[in-house]
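In: based on what follows, work out the 3D shape:
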Amino acid sequence: MMMRGTVLISVVGLVGMLALSGCGHHQGHGYGHGHGDMEAAAKRGVHEMEELVDKTVSDPAKAATVKGLVGEIVQEVKHSYTTKREHHRLLYTLNANYNATPEDFTKILDSSHNEVMRSAMKIVGLRFKIKEQLTAEEWKAFTDGMDRYGKRYDKE
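Out: Here you go, the predicted structure:
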């Protein structure tokens, strides 16, 4: 159970750092808000992660592989964010429908939940691929660096 929590914390830390800090949360009804901000935040996050990889991974070939895996995580986070927004849009639309049934809402909520789980499992798999590339010392330095980034974003 403790290992599972540690894995989840590592994944959440990686995703949180990458995941477009400050732009991934829902803001009212304005669905046009934040896409440009999200892209800018993603670019900053990728740049920071690449710098962290360069600082913590000594082998250039391994570093390139890790950067590629980080890029896959970023793409998955973007996809997840877009899907989450679409589910929210569907719920708002359904909410306006006087004749909507509880089952109509449940269908959207189930779809949203299933997508979150699919995305989380993909990210967990990528996390383990990254870990497989690194030595224990590199992994510690890498996760310590992510923790520092995460604490910086917690202050915002």
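
In: after the helix or strand of the chain with the lowest mean pLDDT comes which helix or strand?
Out: Averaged element by element with mean pLDDT, DSSP states H and E, the chain has its least confident helix or strand at helix 2-18 (a mean of 49). Scanning forward in sequence from helix 2-18, with DSSP states H and E defining helices and strands, the next element found is helix 35-56.

In: state the next helix or strand along the chain beyond that next one.
Out: Per DSSP H and E, the first helix or strand lying C-terminal to helix 35-56 is helix 60-95.

In: buried ones in that next one?
Out: Neighbour counts using 16 or more other CB atoms under 10 Å place 62-63, 65-67, 69-70, 72-74, 76-78, 80-81, 83-85, 87, 90 of helix 60-95 among the buried residues. Just so you know, the C-beta spots here come from the backbone N, C-alpha and C atoms, and that holds for glycine as well.

In: which strands and helices sit next to that helix?
Out: Where contact means 3 or more CB pairs under 8 Å, 6 or more residues apart in numbering; DSSP states H and E, helix 60-95 is packed against helix 2-18, helix 35-56, helix 102-133.

In: which of those sits closest to M146?
Out: Comparison of the helices and strands packed on helix 60-95 against M146 by CB to CB identifies helix 2-18 as nearest, at 4.8 Å.

In: okay, stretch 147-154 in CSV with CA atoms only?
Out: Extracted C-alpha coordinates of stretch 147-154, given in CSV (Å, rounded to 0.1, in the frame of the first residue of the first chain):
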residue,chain,number,x,y,z
ASP,A,147,9.6,17.9,-5.8
ARG,A,148,11.3,21.2,-5.8
TYR,A,149,9.4,22.3,-8.9
GLY,A,150,6.1,21.1,-7.3
LYS,A,151,6.7,23.1,-4.1
ARG,A,152,7.4,26.2,-6.2
TYR,A,153,4.0,25.7,-8.0
ASP,A,154,2.2,25.1,-4.7
